[in-house]
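A.B. asks: Curious how this folds, go ahead:
(chains A and B)
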There are 2 protein chains.
Amino acid sequence: MTETFDLLSVSTRAPEDLSKTDIKQKTVELIEEIDELQNKLYAESKWSMLIILQGMDASGKDGAVKDVFSAVNPLGIRVKSFKAPTQKELAHDFLWRIHQHTPAKGKIQIFNRSHYEDVLITRVRGMIDDETAHKRFGLINAFEQLLQERGTQILKFYLHISEAEQLERFQDRLNNPRKHWKYNPSDLRAASNWPHYRKYYQEVFENCGPDIPWIIVPSDQNWYKRYVIASKIVETLKGLESEYPELER
Amino acid sequence: MTETFDLLSVSTRAPEDLSKTDIKQKTVELIEEIDELQNKLYAESKWSMLIILQGMDASGKDGAVKDVFSAVNPLGIRVKSFKAPTQKELAHDFLWRIHQHTPAKGKIQIFNRSHYEDVLITRVRGMIDDETAHKRFGLINAFEQLLQERGTQILKFYLHISEAEQLERFQDRLNNPRKHWKYNPSDLRAASNWPHYRKYYQEVFENCGPDIPWIIVPSDQNWYKRYVIASKIVETLKGLESEYPELER
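C.D. replies: Purely as a prediction, here's the structure:
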């Protein structure tokens, strides 16, 4: 990714000429395919997959997990949401708590937020300086390489929404009693930090690739977000060419 | 460390002119000092220490733990002995089980064997090829750098004994009923692999430094081994200049 990369120039919406009906139908098929491919991955137990979901508040990370993996056997898949680190976690290096949740062979692990928060929110809040952030980029790359060497396929999705869409979703949380629990007064404060987040996300994309590139997912429309994520997962799982092991006699 | 480094050229014994009585007295004082320094480390909770013990069978790793840390408050110190990995551990990258036991701030952690077995016994037994070993050297260096960045002081001790001394200790295990439990018929097989182990240890010393150098401890005589290890620990802990925190009012 070149230095001139600008997140603002990437659309947050599906291409105009796509048919929503077609895409929705294709997504249903992709989700069924993930179930079948995950069964093979589990049976073969040779590879594993780590799916990292990052994005601004209300970008739809929870929804992505719910929608895309609805059909998958829970035996082979786990979700870990990373919140603010505990005292115990803070007494160790920033990858300590992350490493414990990396997938074993045959498993799919989803990270809802991840070690990338340690070079994002920490920078927005001024908790670490630029030098520390750049050291961490190197440490993150080495860590992901370690996982890759062991056969872990890593997919990093950035759910890309517009500021307007985010505000609308915050409003929706306020208006919809079923979503009140998701509303947090700090949402609006985070929103005001948008330019900072954008800058630091761009630095992540530039420094933590290109071996394991970030996938920018236009996420203003959930139907398109689901489709992009599901397509990429199917493509990657297919590339592994997992097969059911033969009966040993 | 240059490529011409040859472990065989390093003495396994104390310098001739040392007085055993003097050294033993000094070691008693050093061990008391470790206790005091560890208390400060724990109280301050800013730094941590990781002590890695490697060496051939019967090189005295267990004994080193027992002798050097006898006076230390067990609250601030932990020992982890790494055995052959379990099925569950093998389903993850080789540093996964190691990372879980790295020390929190204020703590001293001792590794009796370590991630270095993954580039030693695995090579002697032909479980990994040279390319994999060299990749692992890089991953190990990055991992240790991660710990260092978080304030972990890493001390890597190689307990260096001669083949003759090792054979004598094996014999002792056979002759002494209190040591029978330590004897393992595979001891002698491991001994026959000595040239391989020496070669692979040398590669470790050359590739996994010099930022965190290996300390070669002449270990044929326990009194000298204890002294060298205790000195190095005291020196390192003193360098941290830990102080008891002041009372907050």
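A.B. asks: Does A:M49 lie in a helix or a strand, and which?
C.D. replies: Applying DSSP states H and E as the criterion places A:M49 in strand A:48-55.
A.B. asks: next helix or strand past that strand?
C.D. replies: Using DSSP H and E, the helix or strand that follows strand A:48-55 in sequence is helix A:61-68.
A.B. asks: Output that next one as PDB - backbone C-alpha positions only.
C.D. replies: Taking Å, rounded to 0.1, in the frame of the first residue of the first chain, the C-alpha atoms of helix A:61-68 are listed here in PDB:
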ATOM      1  CA  LYS A  61     -18.600  -6.000  13.800                       C
ATOM      2  CA  ASP A  62     -21.000  -7.900  16.000                       C
ATOM      3  CA  GLY A  63     -23.500  -8.100  13.100                       C
ATOM      4  CA  ALA A  64     -20.900  -9.500  10.800                       C
ATOM      5  CA  VAL A  65     -20.200 -12.400  13.200                       C
ATOM      6  CA  LYS A  66     -23.800 -13.100  13.600                       C
ATOM      7  CA  ASP A  67     -24.700 -13.000   9.900                       C
ATOM      8  CA  VAL A  68     -21.800 -14.700   8.300                       C
END
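A.B. asks: ok, and does the helix or strand following it reach over to chain B?
C.D. replies: Using DSSP H and E, the helix or strand that follows helix A:61-68 in sequence is strand A:77-81. No. Using CB under 8 Å from any CB of the partner chain, strand A:77-81 never reaches chain B; the gap is at least 13.4 Å. In this view, the C-beta of every residue, glycine as well, is placed from N, C-alpha and C.
A.B. asks: Can you name the residue of chain A nearest to chain B?
C.D. replies: Distances between chain A and chain B by CB to the nearest CB are smallest at A:A142, namely 3.3 Å.
A.B. asks: what residues does chain A put near chain B?
C.D. replies: Checking chain A against chain B by CB under 8 Å from any CB, the hits are A:45, A:88, A:91-96, A:99-100, A:102, A:104-106, A:135, A:138-139, A:142-143, A:145-147, A:149-150, A:152.
A.B. asks: hang on, the earlier thing: can you list contacts of whatever helix or strand the residue of chain A closest to chain B lives in?
C.D. replies: Using DSSP H and E, A:A142 sits in helix A:130-149. Here helix A:130-149 makes contact (CB atoms under 8 Å, 6 or more residues apart in numbering or on different chains) with A:50, A:94-95, A:98-99, A:102, A:115-116, A:118-119, A:122-123, A:128, A:154, A:200, A:203-204, A:207-208, A:211-212, B:93, B:95, B:135, B:138-139, B:142-143, B:145-146, B:149.
A.B. asks: Among those residues, name the ones in helices.
C.D. replies: A:98-99, A:122-123, A:200, A:203-204, A:207, B:135, B:138-139, B:142-143, B:145-146, B:149 (DSSP state H).
A.B. asks: How about A:T152: which residues does it bridge to?
C.D. replies: A:S48 (DSSP bridges).
A.B. asks: Now for the residue sitting nearest the centre point of chain A: which residues touch it?
C.D. replies: Centroid-nearest residue in chain A, with CA atoms, centre = their mean: A:L53, separated by 1.4 Å. Neighbouring residues of A:L53 by CB under 8 Å, 6+ apart: A:K61, A:A64, A:V65, A:I110, A:F111, A:N112, A:R113, A:S114, A:F157, A:L159.
A.B. asks: top helix in chain A by residue count?
C.D. replies: helix A:20-44.
A.B. asks: neighbours around A:I128, how many?
C.D. replies: Using other CB atoms under 10 Å in any protein chain shown, A:I128 has 15 neighbouring residues.
A.B. asks: How confident was the prediction at the nearest residue in space to it that is not next to it in sequence?
C.D. replies: Spatially, and ignoring its direct neighbours in sequence, A:I128 is nearest to A:T122 (4.7 Å; CB to CB, 6 or more residues apart in numbering or on different chains). Turning to A:T122, the model gives it a pLDDT of 95.
A.B. asks: neighbours around A:T122, how many?
C.D. replies: Using other CB under 10 Å, A:T122 has 17 neighbouring residues.
A.B. asks: before we move on, back to that, the helix holding A:A142 versus helix B:130-149: what angle between them?
C.D. replies: Our comparison of helix A:130-149 with helix B:130-149, counting by axes from the mean of the first three to the mean of the last three CA atoms, to 10 degrees, yields an angle of 150 degrees.
A.B. asks: Mind listing what's buried along helix A:130-149?
C.D. replies: Neighbour counts using 16 or more other CB atoms under 10 Å in any protein chain shown place A:133, A:135-137, A:139-147 of helix A:130-149 among the buried residues.
A.B. asks: Give me the neighbour count for A:P245.
C.D. replies: Neighbours of A:P245 using other CB under 10 Å come to 11.
A.B. asks: likewise A:G63?
C.D. replies: 15.
A.B. asks: for it, what are its contacts?
C.D. replies: Here A:G63 is in contact with A:N222, A:K225 (criterion: CB under 8 Å, 6+ apart).
A.B. asks: So for it, what's the pLDDT?
C.D. replies: pLDDT, A:G63: 92.
A.B. asks: That one and A:S70: what is the separation?
C.D. replies: 11 Å (CB to CB, to the nearest Å).
A.B. asks: ok, now A:G138?
C.D. replies: Applying CB to CB to A:G138 and A:S70 gives a distance of 37 Å.
A.B. asks: Residue ranges in chain A under the pLDDT threshold?
C.D. replies: Chain A contains residues with pLDDT under 70 at A:1-4, A:188-191, A:249.
A.B. asks: if we can go back for a sec, work out the gap between the strand holding A:M49 and the centre of the chain.
C.D. replies: The chain centroid and the centroid of strand A:48-55 are separated by 4 Å under CA atoms, centre = their mean, to the nearest Å.
A.B. asks: And for stretch A:162-178?
C.D. replies: On CA atoms, centre = their mean, the centre of stretch A:162-178 falls 21 Å from the chain's centre.
A.B. asks: Can you point out the buried residues in that stretch?
C.D. replies: Here stretch A:162-178 shows A:S162, A:E165, A:Q166, A:R169, A:F170, A:R173 as buried, counting by 16+ other CB under 10 Å.
A.B. asks: Please apply the same query to stretch A:201-214.
C.D. replies: A:Y201, A:Q202, A:E203, A:V204, A:F205, A:N207, A:C208, A:I212, A:W214.
A.B. asks: any residues touching that stretch, and which ones?
C.D. replies: A:1, A:3, A:5-7, A:54, A:116, A:119-120, A:133-134, A:137, A:140-141, A:144-145, A:148, A:154, A:156-158, A:216.
A.B. asks: so which helix or strand takes in the nearest residue to A:V217 once chain neighbours are set aside?
C.D. replies: Nearest residue to A:V217, sequence neighbours excluded (CB to CB, 6+ apart): A:V228, at 4.8 Å. Assigned by DSSP H and E, A:V228 falls within helix A:222-239.
A.B. asks: and stretch A:182-196, how far apart are its ends?
C.D. replies: Using CA to CA, to the nearest Å, the gap from the first to the last residue of stretch A:182-196 comes to 23 Å.
A.B. asks: picking that back up, so which of the buried residues of stretch A:162-178 are in strands?
C.D. replies: Using DSSP state E, no member of these falls within strands.
A.B. asks: Throw those residues into a markdown table and include distance to A:W194, thanks.
C.D. replies: Listed next are those as a markdown table, based on distance: CB to CB, whole Å:
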| residue | distance to A:W194 |
| --- | --- |
| A:S162 | 10 |
| A:E165 | 12 |
| A:Q166 | 8 |
| A:R169 | 14 |
| A:F170 | 12 |
| A:R173 | 17 |
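A.B. asks: Now the two most distant members of those.
C.D. replies: A:S162 and A:R173 (16.9 Å; CB to CB).
A.B. asks: what's the closest of the ones in helices among the contacts of helix A:130-149 to A:H180?
C.D. replies: A:T122 (28.9 Å).
A.B. asks: Pull the CA coordinates from stretch A:23-43 and hand them back as PDB.
C.D. replies: Once non-C-alpha atoms are left out, stretch A:23-43 reads as follows in PDB (Å, rounded to 0.1, in the frame of the first residue of the first chain):
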ATOM      1  CA  ILE A  23     -25.900 -10.400  -4.000                       C
ATOM      2  CA  LYS A  24     -28.200 -11.500  -1.100                       C
ATOM      3  CA  GLN A  25     -28.900 -14.800  -2.900                       C
ATOM      4  CA  LYS A  26     -25.200 -15.300  -3.500                       C
ATOM      5  CA  THR A  27     -24.400 -14.600   0.100                       C
ATOM      6  CA  VAL A  28     -26.800 -17.300   1.300                       C
ATOM      7  CA  GLU A  29     -24.900 -19.700  -0.900                       C
ATOM      8  CA  LEU A  30     -21.500 -18.500   0.300                       C
ATOM      9  CA  ILE A  31     -22.600 -18.900   4.000                       C
ATOM     10  CA  GLU A  32     -23.600 -22.500   3.300                       C
ATOM     11  CA  GLU A  33     -20.300 -23.100   1.600                       C
ATOM     12  CA  ILE A  34     -18.500 -21.800   4.700                       C
ATOM     13  CA  ASP A  35     -20.200 -24.400   6.700                       C
ATOM     14  CA  GLU A  36     -19.100 -27.200   4.400                       C
ATOM     15  CA  LEU A  37     -15.500 -25.800   4.100                       C
ATOM     16  CA  GLN A  38     -15.200 -25.400   7.900                       C
ATOM     17  CA  ASN A  39     -16.200 -29.100   8.400                       C
ATOM     18  CA  LYS A  40     -13.400 -30.100   6.100                       C
ATOM     19  CA  LEU A  41     -10.900 -27.800   7.900                       C
ATOM     20  CA  TYR A  42     -11.900 -29.300  11.200                       C
ATOM     21  CA  ALA A  43     -11.800 -32.900  10.000                       C
END
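A.B. asks: All set now, cheers.
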